[in-house]
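Prediction below, plus the sequence it came from.
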Amino acid sequence: MIAPPFGEGLDQALVLLQQGADFTYLIHPQPKRDEDKSALKELCDMYAPCVGVIYVYDDLSWFETYREAKQNHHIQRNRTRDMLTSLITGGNFSEISELPLWAKRQQY
């Protein structure tokens, strides 16, 4: 398994927070060196303090939560509703019967 570039996916995690996600995690293959782990943690500390980090073994048999995600402090109920509405109406659900009950009741 080839590891993705350093910090790959951090931009998407930040976009999810901007769109109204409560929490977001960066999932990355387990680094071979401890220095790489601490470097990614420092990067998140400086530029993405709410983003958590999870490392996964190459064979996907185990994972480690290296850095806990913090709740997005920019959350607004309307923004969360808009994000969930766009996810639901984005073509992933072709029939209304497939929608989760909370979506049918609009309880987001």
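Done, it's in. Residues are numbered from 1 along each chain as shown.

List the buried residues of stretch 20-30.
Taking 16 or more other Cβ atoms under 10 Å as the neighbour-count basis, stretch 20-30 is seen to contain the buried residues 20, 21, 23, 24, 25, 26, 28, 30. C-betas here are computed from N, CA, C, even on glycine.

What pairs with the helix or strand encompassing residue 65, parallel or antiparallel?
Counting by DSSP states H and E, the secondary-structure element that holds residue 65 is strand 63-67. For strand 63-67, the paired strands and their directions (DSSP bridges) read strand 52-56 (antiparallel).

what comes into contact with the partner strand?
Contacting residues not belonging to strand 52-56 are listed as 23-31, 37, 40-41, 44, 62-70 [Cβ atoms under 8 Å, 6 or more residues apart in numbering].

swap the cut-off to 7 Å and go again
By Cβ atoms under 7 Å, 6 or more residues apart in numbering, the surrounding residues in contact with strand 52-56 are 23, 25-31, 40-41, 44, 63-69.

And stretch 12-31, by the same measure?
Contacts to stretch 12-31, defined as Cβ under 7 Å, 6+ apart, come from residues 1, 3, 9-10, 37, 48, 50-58, 69, 71-72, 75, 79-80, 82-83.

Stretch 69-88 too?
By Cβ under 7 Å, 6+ apart, the list of residues contacting stretch 69-88 from outside reads 17, 19-25, 49-52, 99, 103, 108.

Just flag the most distant two among the residues you listed.
49 and 99 (34.1 Å; Cβ to Cβ).

the more surrounded of these two?
Counting neighbours by other Cβ atoms under 10 Å for residue 49 and for residue 99 shows that residue 99 has the greater number, 14 against 11.

still on that earlier bit, quick one: which of the buried residues of stretch 20-30 has the lowest pLDDT value?
Looking at the buried residues of stretch 20-30 by pLDDT, the weakest one is residue 20, with 77.
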